[in-house]
Structure formats: structure tokens, C-alpha cells
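Undergrad: quick check, what structure comes out for this input:
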Amino acid sequence: MPVRLLRGMIVLAVMAGVSACVPGGIDPTGAPATRAASVAGGAVVLAGPQGYCIDRGRIRERESTVFALFGTCAALSGAAGSGQPSRPAILTASVAPGAPDGFEASFPQLATFFRSEPGRAALSRSGKASSVVVDRISSRGSVLYLHVQDTAGMAGQSVEPDYWRAVFAVRGHMVSLSVMSLESAPVGDAEKRQILAAFVAAVQGANAGRAPAS
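TA: From the prediction side, this is the model:
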């Protein structure tokens, strides 16, 4: 059931911890920074918007669910000319199998879930529904967008309460992308939304024209 799988995907992203979500630091694998990488056995390509690269040293997979972090290309490569947004945000992506054909038909069910106590707990950094207010849920085409306020902290860092999340299907997989920022380097709400839209476009573009995953 999509709701059950989606909840697990979001919980995995939260469990990764803010230490994995802080932009900065050269890729520990020593590999050149890249804006895209294949995950889920090659079924899905994750790609960052302009100025953001995937941290391949921090890709995590558990029970068929993949979590990935995107930092600035400059921070991951150690080269200023590689790309550095003026106000860097924190970008994460989660991928899980099980998206049915016509995934957007489940958006009303997903919206109801996210406004429920179990859904808000799934979105909470502490796992407690009381820390979360879902400000807005909307859809555009095949993408569901959520604007969330989460007052729960994350270990080691202070993040802004509000963040944006997008949920959509790619080649039979559910993809969840989020954009947040640190309190020490705030990014405005409208700018977070713009970054998320660019993030969605990058992932969709990277997978356009590919045959459905078997």
C-alpha cells in the first residue's frame, strides 16, 4: 500500500540524522562531485538542481529503501568553481519501490494520511506528531507538495522548523525529495519552494525517456 511504504521512506530520511544533512565536506570516497547517480539497482537516477551534487559517500540503503544527501558541488569537490548557491539549502532524497501505475490517483489518500496523527509522526524529526503542523498540501501534475513546520530538533544541529517536501513516482518507485535549511544559514520559504521545484525537475529530467523498471 503506497501510504505504508511512503511512511517508511520518510522515517528513513529522518533517521539518517542531521549530521548527514549538513552541506559541506569533501566526498569521503574521494570521487569527483557529480550532480547525478543511479540508485535502487539502477532503476532510478537521482539528480540535483544547479549547484548541488550527490554525496555518494553518504548514500544509505535499507530494506529496499534508499536515502541520499545532496550538498553544494563546491563543498563536496573542494573546488569553489564547481557550484555554490548563494544561500545553500539542505537537500535529501528517498526512493522506495512499490509506486503503482497512476500514482497521483492516491494523492487524496496521501494528503489525508499526512494530516493524521500517524502521518504527522512520520514527518516529525522526533517521531512525535505533536511537533508537526502540516501548513499546506497541494499537487501539480504528477507531484504532491507538502509545506511542513516541525519544531522537533535534530541531533547536533539546529534546523529551521519549516521545510518543503515533494512526493512523486519514477519508474515504479516512490521518490520523496525535501529541502530544508540550518538556523545558522536560513533560506526563505519561497526560495526553498523554488529549489524543490528545480530538484523535482532535475530528477524527472534525468529519468525521462527511460523504459519502466522491470
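
Undergrad: any buried residues in stretch 187-201, and which?
TA: For stretch 187-201, burial by neighbour count (16 or more other Cβ atoms under 10 Å) applies to 187, 191-200. Placement of C-beta: from N, CA and C, glycine included.

Undergrad: next: stretch 139-149.
TA: 139, 143-148.

Undergrad: ditto for stretch 126-133
TA: Of the residues in stretch 126-133, 129, 131-133 count as buried by neighbour count, 16+ other Cβ under 10 Å.

Undergrad: in helices only, show me the buried residues of stretch 187-201.
TA: Within the buried residues of stretch 187-201, residues falling in helices by DSSP state H are 191-200.

Undergrad: and the residues you listed, which two are furthest apart?
TA: Greatest spatial distance among these (Cβ to Cβ): 191 and 200, at 15.0 Å.

Undergrad: so where's this structure shaky on pLDDT?
TA: The model of the chain has pLDDT under 70 over residues 1-2, 4-5, 8-9, 11-32, 79-83, 154-157, 211-214.

Undergrad: residue closest to the middle of it?
TA: With distances taken as Cα atoms, centre = their mean, the residue of the chain nearest its centroid is residue 177 (2.5 Å).

Undergrad: state whether it is indeed within a strand.
TA: Yes: using DSSP: H, G, I helix; E, B strand; the rest coil, the assignment for residue 177 is a strand.

Undergrad: please begin residue numbering at 7 from this point
TA: Fine by me, first position is 7 from now on; the one you just mentioned is residue 183.

Undergrad: residue 141 versus that one, what's the distance?
TA: Counting by Cβ to Cβ, to the nearest Å, the gap from residue 183 to residue 141 is 18 Å.

Undergrad: all strands of the protein, in order?
TA: 42-45, 50-53, 58-60, 66-68, 71-78, 96-103, 138-146, 149-156, 168-176, 179-186 (DSSP state E).
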